[in-house]
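Q: Coordinates for the following, if possible.
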Amino acid sequence: MGLEPAPARRRPLPLPVLFAAGLAFGCAAALGTVRWRRQTGDAARRRLLGAEDVDCVAGAGWGGAKSVDRLGALQHVNHDIPAAIQTGPTKAWLLGHGHWDGHLDATLVPDACRELDVVVANSAADRCLVVSSAATTAVPHHVTRWERSSTHATGWATISRIRESKQRMPGEVTRKRARTLAVRLLSKLDHVRAALAPVLAAAAAHTPPEYAATMGSTSKGAVLLMCINWGNLDLMLNFLRSACHRDIDVRNLVVFAADDKVEAALKAVGVHTFSHAALGQFDANAARSYGDHTFVEMMWLKLTCVYLVNDLGYDLLFQDADLYWWRAPWAYFAERPDVDTFWMDDGARTSRFAPHFPNTGYYLLRANARTAVLAETLVGMYDVVLAWQSHQAVVSQVLGEMHALHALTVQILEKEAFPSGKQLHHNRPLFAKIADGSYEPYCFHMCWTAGKADKLKFLKQEKLWYLERHCELDALGGADDARLRQCATGDSCPVLAGM
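A: Residues are numbered from 1 along each chain as shown. Just a heads-up that it's a prediction; the model follows:
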């Protein structure tokens, strides 16, 4: 897939932006609370190089340094900084080649700074940081990490991201399985695209007008996208009932059906539905737990449905089946046409999901060259998804790379406005306000559970479950079309009329 120039209206942040307000961070970690001053007689000046006549900052290639507000410096260049680096010390160091009197200069970032490179580093007692100047502009876009090692000639070994997050590399059997699926799809790609195109066009005819007004020139419309098997049909029906109850138009919904049984049910309901043999075969049952065989198998459909919709030129809001909506989110996304991708905040703060900590059960991709590379890259990494037993962990790593390589813009959604299961379990005051009607978020994702049984338990507990007993999954096996549609829309749902 060739890369095309991004629309002129987009001005994504260059990656170097997230490499030196964190020089800010880095130096704060390395220099601690030392206050550097230009005066030659200042007793507080730090001598890192040992010689009394060598200035520690100038000797490392920098002409000036100033103490800055850490978060202020980061948000000065990027309001969408990941939540993980919004916490920490209140101060950071800003280094440059200008000879500023740092402690007197009231300007947050001096005018002499034409580029800002950010280093974010942990300041644990056993960690140190090297900040080195270079004579060339060809500098790395990454922070490399090393640890002491008795088995390496230099005494230092690279710290890999997958080792730190306790992942493993895919083996031969796993790679072969992923290749087989990829060949099946790519060998029939033109047929799949031709079959999917009219389904997307019909759904995109219902693109919300407030969002359509801000779409890029490369987008044909916007669709709400899901992929489910029979085992999760009741979760999706409950989502439709929430939309009916809240009078939200979701006629731009497209669902990729994983099995014949759920496909027939979705068509009876009237949802825009798609399936194709080239996408593979999937278990009809719900996953028993996070990361089990069925869960990981469905991740292939989760990757490919996003890839295909993006490849055909549509903006998409992907979501899992276990969502409840209070408000349509399209106007919210329309406020930031400069952002390529929006992601729900998962709530996890481990290296496995660093640096952005996205939840892959709810995210928006705009159709452009940068998201096209992201979606296609992820399809090619299904072997890693299998090895790690997680789609989300792989996406988390790739997002950081795409931000560096192609300046893909990433916004993590406000966790109170777009809460996940983490908030349900750890922010009960928020859900108390939701329950009494004093606050309405956009949506809620019932993740952070051991399996589907817990999803149903908590949705019912929070009074976010609409389905009557005859609409629950074990009662739907022999349901006719009329009952399936009634389960999806209730007694009356004018907003979904004609779906």
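Q: what stretches of the stretch 51-200 of the chain score poorly on pLDDT?
A: 51-56, 80-87, 98-106, 164-165 (pLDDT under 70).
Q: all strands for it, in order.
A: Shown for the stretch 51-200 of the chain, the strands assigned by DSSP state E, counting those that start in this stretch span residues 64-69, 91-96, 146-148, 156-158.
Q: send the alpha carbons of the second one over as PDB?
A: Meaning strand 91-96. Extracted in PDB, the C-alpha atoms of strand 91-96 (Å, rounded to 0.1, in the frame of the first residue of the first chain):
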ATOM      1  CA  LYS A  91      10.200  20.000  38.000                       C
ATOM      2  CA  ALA A  92      12.300  19.100  35.000                       C
ATOM      3  CA  TRP A  93      15.500  20.300  33.300                       C
ATOM      4  CA  LEU A  94      15.500  22.100  29.900                       C
ATOM      5  CA  LEU A  95      18.900  22.100  28.200                       C
ATOM      6  CA  GLY A  96      19.900  24.100  25.100                       C
END
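Q: how far off strand 64-69 does that strand point, in degrees?
A: Angle of strand 91-96 versus strand 64-69, following axes from the mean of the first three to the mean of the last three CA atoms, to 10 degrees, is 150 degrees.
Q: Which parts of the stretch 101-250 of the chain are helices?
A: With helices called from DSSP state H, counting those that start in this stretch, the stretch 101-250 of the chain shows them at 161-164, 172-186, 189-204, 209-212, 233-245.
Q: Out of those, which is the most enclosed?
A: For these, the largest average neighbour count (mean count of other CB atoms under 10 Å) is found in helix 233-245, namely a mean of 23. In this view, the C-beta of every residue, glycine as well, is placed from N, C-alpha and C.
Q: Only alpha carbons, please: show the helix or strand following that helix as PDB.
A: Following helix 233-245 in sequence order, the next helix or strand is strand 253-257 (DSSP states H and E). Coordinates of each C-alpha in strand 253-257 appear next as PDB, following Å, rounded to 0.1, in the frame of the first residue of the first chain:
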ATOM      1  CA  LEU A 253     -23.200   0.400  12.200                       C
ATOM      2  CA  VAL A 254     -21.400  -2.400  10.300                       C
ATOM      3  CA  VAL A 255     -20.800  -5.700  12.000                       C
ATOM      4  CA  PHE A 256     -18.400  -8.400  10.800                       C
ATOM      5  CA  ALA A 257     -20.000 -11.700  11.600                       C
END
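Q: Work out the gap between whichever helix or strand comes after strand 253-257 and the centre of the chain.
A: Sequence-wise, the next helix or strand downstream of strand 253-257 (DSSP H and E) is helix 260-269. Counting by CA atoms, centre = their mean, to the nearest Å, helix 260-269 is centred 30 Å from the centre of its parent chain.
Q: same thing with stretch 257-264?
A: Relative to its chain's centre, stretch 257-264 lies at 28 Å (CA atoms, centre = their mean).
Q: Pull out the buried positions in it.
A: Going by neighbour count (16 or more other CB atoms under 10 Å), the buried part of stretch 257-264 is 257-259, 261-263.
Q: same thing with stretch 112-125?
A: 113, 116-121.
Q: which of those residues lies closest to residue 311?
A: Within those, proximity to residue 311 (CB to CB) peaks at residue 118, which comes in at 32.5 Å.
Q: for the stretch 351-499 of the chain, which spans come out with low pLDDT?
A: 498.
Q: that's a strand at residue 361, yeah?
A: Yes. Counting by DSSP: H, G, I helix; E, B strand; the rest coil, one finds residue 361 located in a strand.
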